[in-house]
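*Asks:* Sequence first, then the predicted structure, then my questions.
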Amino acid sequence: MVVAVAASIWGGFTVMRNASAAGFLVYSRSDPDYPQKVDFVVTSTVVKNAPDDAIVYPGQPGASHDHTFSCSKAITAYSTPTSLYNQPTSCNLSRDFASYWTPTLYANGVRVNPYQSRAYYRAGTTNGGIVQPIPFGLRIVAGDAKATSAQKANIAGFQCRNLQDGNTIPKQSLPPNCPAGDFLEASVVFPNCWDGRNLDSADHKSHMSYAAPSAACDTAHPVRLPQLTYAQRYPTDAFRGKTLTIASMMPNSLYTLHADFMNAWDPAWMKFFVDNCIRKHTACETVSDGRLPPGTTLPAATPASALPGATITPPSDSTRPSTPTNLRVASKTTTSVSLAWSASTDNVGVTGYHIYRGGTMVGHSTGTSYTNTGLTASTSYSYTVRATDAANNLSYASAALSVTTASPDTTRPTVSLTAPTAGLTVVKGTPVVLSANASDNVKVTKVQFYGDGILLGTSTSTASPYRYTWNTTTAGAYAIVAKAYDAAGNVATSTTVNMTVTSQ
């Protein structure tokens, strides 16, 4: 094998990198790029979208917000790592049977899927020699699906990229407006220290922790694993000039980027890439069955009967909350429906409610009410509600409630001037009371008075008669009208009353 030596200058000292004939780079541990560049990368495509989450809501199809899944083509709400093993995958590495998923992104309410998903398995430390293979069956959730403020960008965020220049706008917590021709990349960084015992935990996070590249793992999570970063690249300009939203249970969905990982890698292949890339300080970059570290050969497949086991922490509470009852309409408009229901009970405690429209989750409430917005007038919708508890047990769905949004209000108010009287003449400086009666099929929102097309004033009255006192500061003849408005934007104008203001 022919080996060339590449050198670069960083921070005033020379860093040596060995470049293999196949393009792989071997990094010195003193290289500042080592934690990020020593890696192997698996690419994949989207296999499905579904309101499922086999980690957070196992065995409960439709219980989650919509997710975008890649790699395993067998993933369902009922999946386990064992059920995914040896099943078809969209990964470019044939024995990565894992499933990776994130909440679905929308442009102006229309689902947009990434054109490519990338799983970066990085050293994440200045010493790849201590990194261990990710254990088969590990389940992790990273990022915060219930965030109410911006998350740390180094965990979950967005950046703009193009293939010529790399990052054009660095990673940040909320989606940036990407320059024309760039694609948006959303990425989530997973914790890289494992407790060495549990493949999951009640919150799907506590069995893991984060450690900085220069720091050791904490004593409760002593096993250093590859730092998984899951990134999704969306089509160029897919969101340019459009409103981007994320499938979420929270009101401000852009705060809630997160990702789930269910490890179903062939253990022998996972160990092979950790050993030959990370532990040998090599930037393997994108790997596949045909792109391997030079001089290596893939190991034999691990039989399903030989898959290793480890402890999975069982949920401490498996009791469902009671079913919500008395689902009803509190109010509705042409574009929204406000719902209310009677509270559920639970053996530990209800933590909130998922709201479904037509079987798809549209929101989450910690109380017993919710307003669904962005609807279409004169349209029928069907709603159900399910209660949840801290262990993510879901109640059965409430009885369905059919609601038809209000029809558009096209009826104008009626309005008539009652003062001034026709032909009234006053001396400049004399206050004149302008008065009108107005009514509407829904509600009059305001009444305004005009003289010769110029606004004289707005009544502060909330019912007829609507009055405004006009200070006559300019002499002249005036054509007075009153205008009445309603909440739908309908406007009515009274007949004109002529009057005169003299200079003396």
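*Replies:* Perfect, thanks for sending it. Numbers count the residues shown, from 1 in each chain.
*Asks:* Identify the element of secondary structure that Val433 sits within.
*Replies:* For Val433, the element it lies in under DSSP states H and E is strand 431-439.
*Asks:* What residues sit buried inside that strand?
*Replies:* 432, 434-438 (16 or more other C-beta atoms under 10 Å). Bear in mind the C-beta positions are built from the backbone N, C-alpha and C, glycine included.
*Asks:* could you say what helices and strands it packs with?
*Replies:* Here strand 431-439 touches strand 414-419, strand 444-451, strand 466-471, strand 476-486, going by 3 or more C-beta pairs under 8 Å, 6 or more residues apart in numbering; DSSP states H and E.
*Asks:* In the longest one, which residues are buried?
*Replies:* In terms of neighbour count (16+ other C-beta under 10 Å), strand 476-486 has its buried residues at 478, 480-486.
*Asks:* now, which of the residues you listed sits nearest Asp53?
*Replies:* Proximity of the buried residues of strand 476-486 to Asp53 (C-beta to C-beta) peaks at Asp486, which lies at 44.8 Å.
*Asks:* Skip the chain neighbours and tell me the closest residue to that closest one.
*Replies:* Closest residue in space to Asp486, ignoring its immediate chain neighbours: Asp440 at 4.7 Å, by C-beta to C-beta, 6 or more residues apart in numbering.
*Asks:* Thr425 now?
*Replies:* Using C-beta to C-beta, 6+ apart, the nearest residue to Thr425 is Thr500, at 4.6 Å.
*Asks:* and the host helix or strand of Tyr381, how far from the chain's centre?
*Replies:* Using DSSP H and E, Tyr381 maps to strand 380-389. For strand 380-389, the separation from the chain centroid amounts to 20 Å (computed by C-alpha atoms, centre = their mean, to the nearest Å).
*Asks:* okay, the angle between the strand holding Val433 and strand 444-451?
*Replies:* With axes from the mean of the first three to the mean of the last three C-alpha atoms, to 10 degrees as the basis, strand 431-439 and strand 444-451 are set at 140 degrees to each other.
*Asks:* Tell me where this structure has helices.
*Replies:* Here the chain has its helices, by DSSP state H, at 34-37, 81-84, 267-273.
*Asks:* Nearest approach to Leu401 belongs to which of those?
*Replies:* Between Leu401 and these, the shortest gap by C-beta to C-beta is with helix 81-84, which sits at 35.7 Å.
*Asks:* outside of the closest one, which residues touch it?
*Replies:* 72, 74-75, 97-99, 136-137, 139, 262-264, 304, 307 (C-beta atoms under 8 Å, 6 or more residues apart in numbering).
*Asks:* just checking, which of those residues belong to strands?
*Replies:* Members of those lying in strands (criterion: DSSP state E): 99, 139, 262.
*Asks:* Tally up the residues packed near the second one, please.
*Replies:* For Arg139, the neighbour count with other C-beta atoms under 10 Å is 23.
*Asks:* Give me the pLDDT for it.
*Replies:* Note on Arg139: pLDDT of 97.
*Asks:* Tell me the buried residues in stretch 390-404?
*Replies:* Buried residues in stretch 390-404, counting neighbours by 16+ other C-beta under 10 Å, are found at 390-395, 397-398, 401, 403.
*Asks:* Report the contact partners of Ala304.
*Replies:* 82, 85-86.
*Asks:* again, only this time at 6 Å
*Replies:* When contacts are counted by C-beta atoms under 6 Å, 6 or more residues apart in numbering, Ala304 touches Tyr85.
*Asks:* Look at it and report its pLDDT.
*Replies:* pLDDT, read off for Ala304, is 92.
*Asks:* Distance check, it against Lys73.
*Replies:* 17 Å (C-beta to C-beta, to the nearest Å).
*Asks:* Tell me which residues touch the residue nearest to the spatial centre of the chain, please.
*Replies:* Nearest to the geometric centre of the chain sits Ile246, at 3.0 Å (C-alpha atoms, centre = their mean). Shown in contact with Ile246 (C-beta under 6 Å, 6+ apart): 103, 105, 253, 256.
*Asks:* The third one: neighbouring residues, count only.
*Replies:* Per other C-beta under 10 Å, the neighbour tally for Ser253 reads 20.
*Asks:* Show me what the closest residue in space to it that isn't next to it in sequence is bridged to.
*Replies:* Computed as C-beta to C-beta, 6+ apart, the closest residue to Ser253 that is not its neighbour in sequence is Ile246, at 4.1 Å. On the basis of DSSP bridges, Ile246 is bridged to Leu105.
*Asks:* And stretch 442-462, end to end?
*Replies:* Stretch 442-462 has an end-to-end distance of 14 Å (C-alpha to C-alpha, to the nearest Å).
*Asks:* Show me what the strand holding Tyr381 is packed up against.
*Replies:* Judged by 3 or more C-beta pairs under 6 Å, 6 or more residues apart in numbering; DSSP states H and E, strand 380-389 is in contact with strand 350-357, strand 401-404.
*Asks:* Now tell me what touches the shortest one from outside.
*Replies:* Yep, that's strand 401-404 we're talking about. 327, 329, 337, 380-383.
*Asks:* remind me which residues of the protein are low pLDDT?
*Replies:* 1-22, 251-252, 309-315 (pLDDT under 70).
*Asks:* Specify the residue ranges that define each domain of the chain.
*Replies:* Following automatic domain parsing, one finds the domains of the chain at 22-306, 325-404, 414-502.
*Asks:* For Thr296, which non-adjacent residue is spatially closest?
*Replies:* The shortest distance from Thr296 to any non-neighbouring residue, by C-beta to C-beta, 6+ apart, is to Asn276 (5.3 Å).
*Asks:* pretty sure that neighbour is touching Pro294, no?
*Replies:* No: counting by C-beta atoms under 6 Å, Asn276 sits too far from Pro294 to count as a contact (9.5 Å).
*Asks:* These two: who's more crowded?
*Replies:* Counted by other C-beta under 10 Å, Asn276 and Pro294 do not tie: Asn276 has more neighbours, with 19 against 14.
*Asks:* Give me the distance between that one and Thr460.
*Replies:* Per C-beta to C-beta, Asn276 is found 79 Å from Thr460.
*Asks:* Just give me the neighbour total for the closest residue to Ser149 other than its chain neighbours.
*Replies:* Of all residues not flanking Ser149 in the chain, Tyr255 sits nearest, at 6.1 Å (C-beta to C-beta, 6+ apart). Using other C-beta under 10 Å, Tyr255 has 21 neighbouring residues.
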